[in-house]
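Q: give the three-dimensional model of this entry:
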Amino acid sequence: MPRSEVPPADVNPAECSAVERAPAAAAKKLRPRGQVDPVLFGSGCGLMAAFIYTCSNTCLRQVAHCDPLWVATMKAGPTFAVAALILAVRVARQLPLLATPRLLVGLSVTGLIGQWLGNVGFQIGLKYVGLALSVPLTLGLTIIGGALLGRFWLNEPISRRSVLATLVLLIAVPILTAGAERSGPPEVSPTVSAFWLVAFGVVAACASGLA
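A: Alright, predicted model coming up:
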């Protein structure tokens, strides 16, 4: 039978508990006075990002009647301008561009895929199935794609919660599609049935999430 660990007789149990509580107290003292709680700060940043994301999607929905490629190009314009300015400054200062030719080609290919399937696909989804359906479809497929990519590319384990969430999203896709078909697309072509337009919008939104 193993012997239970008994503290020596000359050690005060109160002192032992004080020593055990010391790391927790020291961790609290590491944060200077006046510093914002990181959990509170992170939550605030997340709420602000969600608000800005909602505003940007609402603006994109207002121009859903325009050419999706043109809208996606205009949306990527500021990002391209800032990136080009940063690269120009590095070249002027004779600093390396931090990208080998092989990496540059890979980034260009993935950028084009993200632009065509991601931005253009999302804009097509807004045109044919609306904002209320394009956003959950896109975000849902983003979660599914991230879980699968992490499992098969990065060998990350998939928890039971992730599997359950993936199954729920897979069930939600046909339900959202049925709801979109009943509501009808914003713009119905006289030569194409509403069903195929809605199906095209759903596929475009899902492709945007996977991209």
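Q: need the helices for this structure, in chain order.
A: Counting by DSSP state H, one finds helices in the chain at the ranges 13-29, 38-62, 68-92, 101-113, 121-129, 131-152, 160-183, 194-210.
Q: let's have those helices in a markdown table, adding mean pLDDT.
A: Converted to a markdown table, these look like this (pLDDT from 0 to 100):
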| stretch | mean pLDDT |
| --- | --- |
| helix 13-29 | 49 |
| helix 38-62 | 87 |
| helix 68-92 | 88 |
| helix 101-113 | 84 |
| helix 121-129 | 88 |
| helix 131-152 | 80 |
| helix 160-183 | 68 |
| helix 194-210 | 81 |
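Q: with respect to burial, which of those scores highest?
A: Compared across these, helix 121-129 shows the largest average neighbour count, a mean of 26 (mean count of other CB atoms under 10 Å). For the C-beta atoms, the positions are set from N, CA and C on the backbone; glycine is no exception.
Q: quick one: list the elements packing against it.
A: Using 3 or more CB pairs under 8 Å, 6 or more residues apart in numbering; DSSP states H and E as the contact test, the elements touching helix 121-129 are helix 38-62, helix 68-92, helix 131-152, helix 194-210.
Q: helices or strands up against the second one?
A: Applying 3+ CB pairs under 8 Å, 6+ apart, one finds that helix 68-92 makes contact with helix 121-129.
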